[in-house]
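Visitor: Need a 3D model of the sequence below.
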Amino acid sequence: RWILESETNMSYFKSRLKESVPKITSDFDAEMAHQRFTEIIKSKKKTSKPLLRIFKYSAMVALVFAVSILAKAKLFPDIFKTSQKVVEKEERISNGNDIIIKLADGTTKILKSEGNEEITDANGNVVASKGENYLVFDQAEELEKNTLGNNEVFVPFGQIFKLKLSDGTLVWLNSGSKLLFPQNFANAQRNRIVYLEGEAFFDVAKNKDKPFIVNMQEIDIKVIGTKFNISSYKTDKYITTTLVEGSVNVYETRTPKNGLQLAPSFQANYNKFGNDFTKTKVDTDIYTAWMENRLVINNLNFSEILAKLERKYFVKFVNKAEGLDDELYKGEFSDEKIESVLKTISLSTPFKYEINQNIITITN
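Guide: Numbering: from 1, shown residues only. Coordinates of the predicted model:
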């Protein structure tokens, strides 16, 4: 709570953490470290006027959380290099589910997360090359111009996958997402159109003659060349478009006049039930952190957090704890195991959890 009161407090906290890094080890006692840090704060804290609090936050600021923010977010990469690799390897082994691609000709293939391979259609033509967690469609341009239809890539829970489309556009697909896209953009007469379910970040290759359009349920996002994130899972109330670079037009598919234009660092939220847009300025890093395997919790209630954890860790929650949704949470984790995430959250709002394979039961 003290850290969240002001930028000065946060700056002081970060400086203290940097000074103490040489003493940190990967198996530190989080609770003891947090207690020591609290004692330092009490001894140095100056008297100030209390801030008006509109919301009651349950701030997750145990030292394990702090290290997740600062150390593992590339501020101290050398210190955590070994342990980070171990975690990544464990996650790949334990996931057990694969990315699926369905080609325009109906050919379906299961893609393993690791290893390289060439993706061929029913006629044996190479349409893409696969590396570790990415797929490149550069060679699709070499196919015959009459190649029609859309490819479909589905990314399951617990994984993130990167695509390079045939026009050079880069797409990062988040867990539980599906993208439909032309095998060959050369056939597009006017627009380059793709269809998204879930969440993705786009780095669109510029082509003034052929605008790039992302269709997501009720809305279209039209660009020429830009970087933006768009998200809307089936359980979400809003379709959220966050612009990092360039310019985008966001509008209703059936009513193009109902829309707005975004500038960098602005976000458009489309209410699926109210059919209206709102625009706000945001910290774009919050909405693109997932690409770096960082979990950012920004004013979310408990059920919203559980939904994010289900997608990220490929688990299912059974929540039997009452009253937790009355709290709003803020925090960040990077490459943490789910047990560490749950333990840290429970430090601010006590609850118990039991893990049985991929089923996690939450109780008071």
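
Visitor: Just the helices from the stretch 151-300 of the chain, written as ranges.
Guide: Taking DSSP state H, counting those that start in this stretch as the criterion, the stretch 151-300 of the chain contains helices spanning 284-288.

Visitor: Strands along that one, start to end?
Guide: Taking DSSP state E, counting those that start in this stretch as the criterion, the stretch 151-300 of the chain contains strands spanning 161-164, 170-173, 177-182, 192-203, 212-216, 219-223, 227-232, 238-245, 248-252, 259-262, 266-271, 277-281, 294-300.

Visitor: Give me the distance from the second one to the chain's centre.
Guide: If you compare the mean C-alpha spot of strand 170-173 with that of the full chain, they lie 11 Å apart, counting by Cα atoms, centre = their mean, to the nearest Å.

Visitor: May I have it exported as PDB, CA atoms only?
Guide: Only the C-alpha atoms of strand 170-173 are listed here, as PDB (Å, rounded to 0.1, in the frame of the first residue of the first chain):
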ATOM      1  CA  LEU A 170       4.200 -10.200 -37.300                       C
ATOM      2  CA  VAL A 171       1.600 -11.600 -35.000                       C
ATOM      3  CA  TRP A 172       1.900 -12.800 -31.400                       C
ATOM      4  CA  LEU A 173      -1.000 -15.000 -30.300                       C
END
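
Visitor: what packs against that strand?
Guide: Where contact means 3 or more Cβ pairs under 8 Å, 6 or more residues apart in numbering; DSSP states H and E, strand 170-173 is packed against strand 161-164, strand 177-182, strand 192-203. To be clear about C-beta, it is placed using only N, CA and C from the backbone, and glycine gets the same treatment.

Visitor: what would those look like in TSV with mean pLDDT?
Guide: Shown next, in TSV, are the helices and strands packed on strand 170-173 (pLDDT from 0 to 100):
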stretch	mean pLDDT
strand 161-164	94
strand 177-182	95
strand 192-203	96
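
Visitor: Just send these back as JSON lines, with distance to V136 and mean neighbour count too.
Guide: Below are these laid out as JSON lines (distance: least, Cβ to Cβ, whole Å; neighbours: other Cβ atoms under 10 Å):
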{"stretch": "strand 161-164", "distance to V136": "4", "mean neighbour count": "20"}
{"stretch": "strand 177-182", "distance to V136": "13", "mean neighbour count": "21"}
{"stretch": "strand 192-203", "distance to V136": "14", "mean neighbour count": "21"}
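
Visitor: Which of those sits closest to K227?
Guide: When those are ranked by distance to K227, counting by Cβ to Cβ, first place goes to strand 192-203 at 5.0 Å.

Visitor: Show me what the closest one is packed up against.
Guide: Applying 3+ Cβ pairs under 8 Å, 6+ apart, one finds that strand 192-203 contacts strand 170-173, strand 177-182, strand 212-216, strand 227-232.

Visitor: I'd say N299 and K330 touch.
Guide: Yes. With the criterion set as Cβ atoms under 8 Å, N299 and K330 qualify as a contacting pair; they are 6.3 Å apart.

Visitor: Among these two, which residue is more densely surrounded?
Guide: Looking at N299 and K330 with other Cβ atoms under 10 Å, you find the greater number of neighbours at K330, namely 17 against 11.

Visitor: what about the stretch 1-150 of the chain, any weak spots by pLDDT?
Guide: By pLDDT under 70, the low-scoring segments of the stretch 1-150 of the chain are 18-31, 42-96, 113, 139-148.

Visitor: please redo it, this time with the cut-off set to 80
Guide: Counting by pLDDT under 80, the ranges of the stretch 1-150 of the chain that qualify are 7, 11, 14-15, 17-97, 112-115, 138-149.
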